[in-house]
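Trainee: return atomic coordinates for the entry below.
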Amino acid sequence: MLIRPSRLLGVAALSVPLLSAAAPAVEVVKIGHVAATSGAVAYFGKDNENGARMAVEALNARAVNIGGKPVRFELLAEDDAGDPKQATSAAQKLVDAKVNAVIGHQTSGTSIPASKIYFDNGIPQISPSATSPQYTAQGFNTAFRVVSNDKQLGRVLGRYAVTSLAGKKVAVIDDRTAYGQGVAAEFVKGVKEAGGTIVGKEFTTDKSTEFSAILTRIRATKPDLVFFGGMSAVAGPMLHQMRQLGFGSTKFVGGDGICSDEIVKLAQGAVADGQVVCAEAGGVEAKGKAAIEQFHAAYKKRFGIEVQIYSPYTYDAVMTLAEAMVKAGSSAPACYLPALAAIRYQGITGTIAFDKAGDIRDGTLTLYTFKDGHRSLVAVTR
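Mentor: You can find the predicted model right below:
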């Protein structure tokens, strides 16, 4: 039984098999999920978890069979608070629980250390949102991702900043995390490739709230544009302080970490329309619009809130795992891992297939700005 996305969201008309004394026992397939569901970026983490939960519910509504036996999927959700140490503890907890697979972690800084634990125990891991190239560069055949990495995202953003945003003189700030440093480094390469100049480099931390010193130094370089490698929880207050220091409507660019309406709230009115530009590591092209709109509607009905960014990708990650298990006829990690590596699955976010490193093939990127306090689509590109 192959799993088709068009059949997964609907749960109205389910056929119920007749029970008999010979009915096989239902096998429980445990899917672990780890994200930061507490802390400064909990809104992203909960969004990821909600997508995984929707997928598990949809699979169970479809009564999936693996190897001719009925299965029930169970989601084991853990919180790593975006902290690498908590991430390894959560990973070990899932290993001890004998999960069949893991979706996560949410950030690069947590996915990378946890991946060694999953690899050592032979458990496939799909991150729906970790973008650091290092995650899949470790040589672990259990590590996969369903979004583009920072090499593509950062360089596209860098070139776009110069060619489309007139960012000839660019200042760069990162938060010293694996994600922030990685996307900033690739952004710088993109800027230089497009003929732009880096006029200043500064750094902060992912817990900072005071930026006057680094912003004062940056202001002196008179940049056309400021790039920040980090998350909305830091970027929002930074934008507020930029306004206080007289930056005006200087363009502010970042990766997917700032690509949420939360940045507008946290900036306390300091975001002008079109001032902030961000890129999401993924994106749905025109032909996939109907499926993704259906997902958004189902998500809001289920949870009463809007999608943040990556819940559609966690949904597809779970579905991709299930498809690999069906193809292999087994939920045992060692048995379905080859099928996962060779998978070609048509999800709601697009076609999911992996290269030899575990990165998604032909991944898309989506550029956004913000208007009237809300994220607004600019373009989907590759």
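
Trainee: quick one: buried residues of the strand or helix carrying residue 218?
Mentor: Following DSSP states H and E, one finds residue 218 within helix 212-220. Neighbour-count burial for helix 212-220, with 16 or more other C-beta atoms under 10 Å as criterion, is recorded at 214-215, 218-219. Glycine gets a C-beta too; all of them are placed from N, C-alpha and C.

Trainee: farthest-separated two in those?
Mentor: Maximum pairwise distance in the buried residues of helix 212-220, criterion C-beta to C-beta, is 9.7 Å, between 214 and 219.

Trainee: what sits against the residue nearest to residue 377 when sequence neighbours are not counted?
Mentor: Leaving aside its chain neighbours, residue 377 sits nearest to residue 368 (6.0 Å; criterion: C-beta to C-beta, 6 or more residues apart in numbering). Contacts for residue 368 (C-beta atoms under 8 Å, 6 or more residues apart in numbering) come out as 259, 277-280, 375-378.

Trainee: show me the longest strand that occurs in the protein.
Mentor: strand 69-79 (DSSP state E).

Trainee: and whichever helix or strand comes after that strand, C-alpha only, in PDB?
Mentor: As assigned by DSSP H and E, the chain's next helix or strand after strand 69-79 is helix 84-96. Extracted in PDB, the C-alpha atoms of helix 84-96 (Å, rounded to 0.1, in the frame of the first residue of the first chain):
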ATOM      1  CA  PRO A  84      22.500  20.900  22.600                       C
ATOM      2  CA  LYS A  85      22.900  19.100  26.000                       C
ATOM      3  CA  GLN A  86      19.200  18.700  26.400                       C
ATOM      4  CA  ALA A  87      19.100  17.400  22.800                       C
ATOM      5  CA  THR A  88      21.500  14.600  23.500                       C
ATOM      6  CA  SER A  89      19.500  13.600  26.600                       C
ATOM      7  CA  ALA A  90      16.300  13.600  24.600                       C
ATOM      8  CA  ALA A  91      18.000  11.500  21.900                       C
ATOM      9  CA  GLN A  92      19.100   8.900  24.400                       C
ATOM     10  CA  LYS A  93      15.600   8.800  25.900                       C
ATOM     11  CA  LEU A  94      14.100   8.000  22.500                       C
ATOM     12  CA  VAL A  95      16.800   5.400  21.900                       C
ATOM     13  CA  ASP A  96      16.000   3.800  25.300                       C
END
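
Trainee: which helix or strand in this structure has the lowest average pLDDT?
Mentor: Ranked by mean pLDDT, DSSP states H and E, the weakest helix or strand in the chain is helix 5-8, scoring a mean of 47.

Trainee: next structured bit after that one?
Mentor: Taking DSSP H and E, what comes next after helix 5-8 is strand 27-35.

Trainee: show me what that following strand is packed against.
Mentor: Helices and strands touching strand 27-35, by 3 or more C-beta pairs under 8 Å, 6 or more residues apart in numbering; DSSP states H and E, are helix 42-62, strand 69-79, helix 84-96, strand 101-103, helix 311-328.

Trainee: what's the closest of those to residue 182?
Mentor: Judging the helices and strands packed on strand 27-35 by C-beta to C-beta, what sits closest to residue 182 is helix 84-96, at 14.4 Å.

Trainee: what's the angle between that closest one and strand 27-35?
Mentor: Taking axes from the mean of the first three to the mean of the last three C-alpha atoms, to 10 degrees, one finds that helix 84-96 is oriented at 180 degrees with respect to strand 27-35.

Trainee: pLDDT (mean, whole number) over helix 84-96?
Mentor: Computed over helix 84-96, the mean pLDDT rounds to 98.

Trainee: residues touching it, excluding its own?
Mentor: By C-beta under 8 Å, 6+ apart, helix 84-96 touches 32, 34, 76, 78-80, 102, 105, 109-114, 117-118, 121, 123.

Trainee: tilt between the longest strand of the chain and helix 84-96?
Mentor: Using the same axes, to 10 degrees, strand 69-79 lies at 160 degrees relative to helix 84-96.

Trainee: not counting its neighbours along the chain, what's nearest residue 34?
Mentor: residue 104 (3.7 Å).

Trainee: ok, now residue 338?
Mentor: In space, residue 338 is closest to residue 328, 7.3 Å off (C-beta to C-beta, 6+ apart).

Trainee: state the number of residues packed around the one you found.
Mentor: 19 (other C-beta atoms under 10 Å).

Trainee: from residue 103, how far off is it?
Mentor: Going from residue 328 to residue 103 by C-beta to C-beta, to the nearest Å gives 18 Å.

Trainee: was I right about residue 98 contacting residue 30?
Mentor: Yes: using C-beta atoms under 8 Å, residue 98 is in contact with residue 30, at 6.8 Å.

Trainee: between those two, which one's more packed in?
Mentor: residue 30 (16 against 12).

Trainee: now the more buried one, which residues is it bridged with?
Mentor: residue 74 (DSSP bridges).

Trainee: residues in contact with it?
Mentor: Counting by C-beta under 8 Å, 6+ apart, residue 30 touches 74, 76, 97-100.

Trainee: mind redoing it with 6 Å?
Mentor: If you count contacts by C-beta atoms under 6 Å, 6 or more residues apart in numbering, residue 30 has them with 74, 76, 99-100.

Trainee: that'll do, ta.
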